[in-house]
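*Asks:* Sequence first, then the predicted structure:
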Amino acid sequence: MFILGNFIGSIGFILGVILNILKWLVIIRALISWVNPDPLNPVVQFLRRATDPILIPIRNRMPVTGGFDLSPLVALLIILFLDIFLVNTIYAVANSLGATIYFR
């Protein structure tokens with residue numbers, strides 16, 4: 001059973017890394033949006049392609065807040081919730097199956 005536990009723990013670790021990368025991409029996109037960057041810049045295009053699938057659905061469901069875009073804040077809260085709740089739950093399941101978690 002410890003092999004299954006190690007496998008599940010590895011999935012939790014990879015999910016945590018993906019959520020961490022996504023968190024930083026959203027933060028960088030929010031910071032860059034303050035300086036009105038060139039939309040043809042490859043870095044700006046990458047950030048938009050990477051974060052739009054998350055931010056656009058949140059932006060469409062949020063009420064108008066007088067010109068302030070609060071969707072990055074909501075996205076960060078969702079990412080942090082998933083990191084704390086989901087990843088820790090996966091680690092707990094892996095631990096109950098006999099895995100020894102050396103990371104986190």
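*Replies:* All right, it came through fine. Numbers count the residues shown, from 1 in each chain.
*Asks:* how near is residue 19 to residue 42?
*Replies:* Using C-beta to C-beta, to the nearest Å, residue 19 is found at 24 Å from residue 42. Every C-beta, even on glycine, is put in place using the N, C-alpha and C of the backbone.
*Asks:* Residue 73 too?
*Replies:* The value you get for residue 73 to residue 42, if C-beta to C-beta is used, is 26 Å.
*Asks:* which of those two has more neighbours?
*Replies:* residue 73 (14 against 8; other C-beta atoms under 10 Å).
*Asks:* Next one, pLDDT for the more buried one please.
*Replies:* At residue 73, the pLDDT value in this model is 95.
*Asks:* quick one: buried residues of the helix or strand it falls within?
*Replies:* For residue 73, the host element (DSSP states H and E) is helix 71-81. For helix 71-81, the neighbour count (16 or more other C-beta atoms under 10 Å) marks 71, 72, 74, 75, 79 as buried.
*Asks:* For the helix or strand just after it, which residues meet the burial criterion?
*Replies:* Per DSSP H and E, the first helix or strand lying C-terminal to helix 71-81 is helix 88-96. Buried positions in helix 88-96, judged by neighbour count with 16+ other C-beta under 10 Å: 90, 91, 93, 94.
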